[in-house]
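Student: below is the sequence, then the predicted model.
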Amino acid sequence: MAAQKRTHSDTVRPGLDLERDLMMRAINVAGDVILVYRVDPSDGDLRVAYMNDAYTRQTGYSRDEAIGRPVKFFRQNMPDDQGMREVRAALAAGRPLHVQIVSYRKDGTSFWNDVTLYPVADDDQHITHWISVERDVTTLVEYEAAMEDEHRRLFSLTQTARSLFASLDSRSLIDTFRKSAEEILHARIEVYGISSDGRGRAIDDFDALDDAKTIVDPLIEHALRTRGHVVDDRHVRAAVAAGKHGSTSYAVVVQARNGRQLRETDLFALDLLAEYFSVAAHNVSLYRELEVRRSVVLELNQTKTDLIAMLAHDFRTPLTSIVGFADLVGEVGDVNDDQREFIATIKRTALQLNELAVDTLTLSRLERNEVSLQRETVDLAVLVRDLAYDFADRSVLDISVNGDATVIGDVPRLRQVFYNLVENGIKYSPGSTAVSVEIDGQTDHVVVRVQDRGIGIPAGDLQRIFERFQRGSNARKLGIGGTGFGLFLSKQLVALHGGTIEVESREGKGSTFTVTLPRRVTGRGDVALIALLDPVSDANSVLAHSLRDAGYRVSVAVDAAELLAMIEDLAHDAIVINVDPSALSTQNVGRLRALRAEHNVPLIVLTNEDSRRLVPSAVIERPVLIGDLVAALASLVVPHTATGS
Ligand code: ADP
């Protein structure tokens with residue numbers, strides 16, 4: 001037992017040799033490379049003192065070949081890269097390091113090596129050895145690089161989508177598409193248009209394929225038939241269907257450069273690009289159609305406005321004759337009382353017709369954005385007393401004035417407003433009770449109340465009474481004539497003066513219209529006014545149209561001089577410049593800055609250039625998405641409170 005015991009204790013004695021032997025085995029079966037370098041005291045070089053088996057598996061060097069060799073032997077005179085520089089720095093400083101470097105196998109091929117270095121020091125703190133634990137991480141590094149590549153590509157794809165969807169004409173769409181797709185796919189890109197009878201060619205815009213020849217390209221044909229992508233045998237050329245608009249089908253053809261092959265991810269991006277193209281092409285076609293229709297509507301609208309303006313204008317000459325001759329009748333011979341009354345009626349209705357003509361003319365000018373105010377000092381008390389004469393034969397105006405009644409405004413326009421209100425007061429008070437006008441001058445504004453005790457406005461109609469062509473149901477029932485645009489017009493004109501108009505009314509009791517006018521014209525109505533510099537603008541200016549759609553009033557200038565004159569003339573709520581800053585002269589930039597400082601107006605510049613010298617409040621890069629512009633305006637322009645209705 002004792003002998004057995006002894007024998008047993010001899011073989012399993014946990015001596016140092018056995019422990020070392022076990023450790024060595026473990027180290028040799030480990031997947032990671034473990035190397036020990038000895039620092040050569042003679043030259044400071046690191047020489048391989050120990051390596052495990054994994055090193056041979058990873059690099060092809062046997063122990064005989066590696067042991068005793070300096071580090072540079074394994075780098076085959078390759079220059080230091082960033083990783084090796086870090087290694088050298090760590091070695092020099094004697095501190096541990098974890099780094100990824102490029103290493104080389106015996107056959108000269110390279111791999112990404114994940115290296116952890118630890119120094120080993122003797123009792124005197126001299127580093128005698130370095131332990132290096134290494135792992136081939138090529139697959140991981142390549143995977144990460146590929147992921148990063150894909151990420152970049154997805155990002156570019158998003159950017160591309162943005163530019164494509166902002167394209168409004170086919171030439172810029174195809175141009176943008178080709179440039180972006182070539183960048184994303186590192187390949188040559190062509191867009192093909194193919195008509196339903198099989199004729200087609202590479203295109204720059206959507207215009208007719210009349211002179212195109214029958215297309216003989218199996219790849220394109222196949223792609224159109226299957227409505228997907230098709231790749232050739234060598235994986236260097238691919239075609240994908242990119243939508244159909246009208247009778248034309250579109251295909252995108254990609255040709256890899258420099259013998260590169262198209263990979264699966266390229267085809268994925270290609271599919272996405274083709275999809276974008278199809279949607280953007282649809283937008284362009286719709287936009288074209290819209291443009292045509294809009295031109296027709298604009299033309300019709302113009303004709304209507306011209307016609308109204310012409311009629312209103314030409315109405316007034318004969319009306320003046322009627323009024324003039326009606327006055328003369330009494331002077332050239334005797335007229336009896338009946339005749340006098342008839343003549344007075346002729347004169348009155350002619351004058352009414354004249355006011356209507358004036359209103360119509362103003363309305364058509366307002367619609368064309370042509371109304372600008374001729375500013376001067378106006379005493380509203382004088383203006384209203386003057387009006388009273390016009391109505392002398394119909395009603396007595398009870399006028400009271402309190403305080404200073406002067407404002408800065410446009411006399412004929414303000415006259416129109418109060419003429420309409422007084423005339424309504426009389427017209428809608430059939431019992432002919434007096435209309436009162438109360439003028440109340442406050443510090444910074446003047447309030448004018450026009451009050452009657454007439455038929456009033458039914459509660460249900462009050463809400464919309466300032467809208468165009470709206471009439472009260474009671475007025476219509478009673479057969480009192482009217483057009484329903486006097487109040488609409490008055491509201492617009494008051495708004496042009498920066499004022500408000502409100503009504504209080506009870507059916508059967510009477511109405512009070514209250515006009516509040518600031519002493520100074522701010523030029524701002526209750527809708528923000530944008531000054532737009534758009535040199536490509538015409539009646540069809542996309543920007544102007546879109547801004548109006550978004551609820552702004554827009555005055556358009558086609559050059560800087562016109563813009564400056566506009567801003568000088570009338571206070572605007574914001575300036576939008578669709579011109580590159582480099583196209584503006586230093587003088588104009590100076591003027592613009594001075595005017596902005598004076599009026600405190602925000603400026604939005606649409607450009608990809610450096611626009612700092614314009615000191616913009618916001619910059620929007622081209623291609624401009626209207627949504628972005630509207631959002632920028634909304635954040636910069638303080639909305640005016642809509643009043644008066
Ligand atoms: P018009 O008088 O030509 O119809 P307006 O735009 O001036 O057009 O007025 C719109 C409508 O408002 C009138 O048709 C009438 O129904 C109502 N209205 C305007 N003023 C008065 C008033 N003072 N009293 C009662 N109703 C009025």
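Tutor: Nice, thanks for sending it over. Numbers count the residues shown, from 1 in each chain.

Student: next helix or strand past the lengthiest strand in the chain?
Tutor: In the chain, with assignment by DSSP state E, the single longest strand is strand 110-121. Note on strand 110-121: by DSSP states H and E, the next helix or strand toward the C-terminus is strand 127-136.

Student: any buried residues in that next one, and which?
Tutor: Buried residues in strand 127-136, defined by neighbour count with 16 or more other CB atoms under 10 Å: His129, Trp130, Ser132, Val133, Glu134, Arg135, Asp136. Glycine gets a C-beta too; all of them are placed from N, C-alpha and C.

Student: doesn't Ala49 make contact with the first one?
Tutor: Yes - contact criterion CB atoms under 8 Å: His129 and Ala49 qualify, at 6.7 Å.

Student: between those two, which contacts overlap?
Tutor: Counting by CB atoms under 8 Å, 6 or more residues apart in numbering, the common neighbours of His129 and Ala49 are Val36, Tyr37, Arg38.

Student: who's in contact with Gly31?
Tutor: Per CB under 8 Å, 6+ apart, neighbours of Gly31: Ala54, Arg135.

Student: can you read off the pLDDT for Gly523?
Tutor: If you check Gly523, the pLDDT there is 44.

Student: which non-adjacent residue is nearest the residue of the stretch 501-645 of the chain found nearest the ligand?
Tutor: As assessed by CB to the nearest ligand atom, the ligand sits closest to Ser511 within the stretch 501-645 of the chain, at 4.2 Å. Here the nearest residue to Ser511 in space, its sequence neighbours aside, is Ser505; by CB to CB, 6 or more residues apart in numbering that works out to 3.7 Å.

Student: please, which helix or strand holds that neighbour?
Tutor: strand 500-506.

Student: what is the burial count for Ile604?
Tutor: 23 (other CB atoms under 10 Å).

Student: pretty sure it contacts Glu621?
Tutor: No - in terms of CB under 8 Å, Ile604 does not count as a neighbour of Glu621; the distance is 11.8 Å.

Student: immediately after the strand holding Ser505, which helix or strand?
Tutor: Downstream of strand 500-506 (by DSSP H and E), the next one is strand 510-518.

Student: contacts for that following strand, please.
Tutor: 380, 407, 409, 414, 417-418, 421, 424-425, 428-429, 444-454, 456-457, 490, 494, 497-505.

Student: so which of those also contact the ligand?
Tutor: The subset of the contacts of strand 510-518 within reach of the ligand, by CB under 6 Å from any ligand atom, is Asn424, Gly425, Tyr428, Asp452, Gly454, Gly456, Ile457.

Student: wait, what's in contact with the third one?
Tutor: Listed by CB under 8 Å, 6+ apart, the contact set of Tyr428 reads Asp452, Gly454, Ile455, Ala475, Ile480, Ser511.

Student: can you list the weak-confidence ranges in the stretch 51-200 of the chain?
Tutor: 77 (pLDDT under 70).

Student: ok, 90 please
Tutor: Applying pLDDT under 90 to the stretch 51-200 of the chain picks out residues 71-84, 108, 124, 142, 145-146, 148-170, 172, 183-184, 196-199.

Student: all strands for it, in order.
Tutor: Using DSSP state E, counting those that start in this stretch, the strands assigned to the stretch 51-200 of the chain run over residues 97-104, 110-121, 127-136, 187-195, 199-202.

Student: what residue is smack in the middle of this structure?
Tutor: Centroid-nearest residue in the chain: Asp628, 2.3 Å away (criterion: CA atoms, centre = their mean).

Student: number of residues surrounding the residue lying closest to it once chain neighbours are set aside?
Tutor: Counting by CB to CB, 6+ apart, Asp628 lies nearest to Ile620, which is 5.3 Å off, once chain neighbours are set aside. Residue crowding around Ile620 was assessed by other CB under 10 Å; the count is 19.

Student: so how far is Arg553 from the residue lying closest to Asp217 once chain neighbours are set aside?
Tutor: Setting aside the residues directly before and after it, Asp217 is nearest to Ala239 in space (CB to CB, 6+ apart), at 7.4 Å. Distance of Ala239 to Arg553, computed by CB to CB, to the nearest Å: 50 Å.

Student: who's more crowded, these two?
Tutor: Ala239 (27 against 18).

Student: what's the neighbour count on the residue in the stretch 51-200 of the chain that the ligand sits nearest to?
Tutor: Closest to the ligand within the stretch 51-200 of the chain is Leu168: 39.6 Å, counting by CB to the nearest ligand atom. Leu168 has 15 neighbours, counted by other CB under 10 Å.

Student: which residue packs closest to it, ignoring adjacent ones?
Tutor: Using CB to CB, 6+ apart, the closest residue to Leu168 is Tyr287 (5.2 Å).

Student: give me the distance between the one you found and the ligand.
Tutor: 38 Å (CB to the nearest ligand atom, to the nearest Å).

Student: next: Val36.
Tutor: 100 Å.

Student: quick check: which element contains that residue?
Tutor: strand 33-39.

Student: helices of the stretch 451-600 of the chain, start to end?
Tutor: Under the criterion DSSP state H, counting those that start in this stretch, the stretch 451-600 of the chain carries helices at the ranges 459-462, 473-477, 486-496, 542-549, 560-569, 586-599.

Student: need the winner for burial among these.
Tutor: Greatest average neighbour count among the helices of the stretch 451-600 of the chain goes to helix 486-496 (a mean of 23), per mean count of other CB atoms under 10 Å.

Student: check the secondary structure at Thr303 for me.
Tutor: What DSSP: H, G, I helix; E, B strand; the rest coil gives for Thr303 is helix.

Student: Ile567 is in contact with Arg593, isn't it?
Tutor: No - at 11.4 Å, Ile567 and Arg593 do not qualify as touching, with contact defined as CB under 8 Å.

Student: does Arg348 sit in a helix or strand, and which one?
Tutor: Per DSSP H and E: helix 337-367 holds Arg348.

Student: average pLDDT for that helix?
Tutor: Mean predicted lDDT for helix 337-367 stands at 83.

Student: what about Leu117, neighbour count?
Tutor: Leu117 - counted by other CB under 10 Å - has 21 other residues nearby.

Student: that one and His129 touch, don't they?
Tutor: No - between Leu117 and His129 there is no contact under CB under 8 Å: 10.8 Å.
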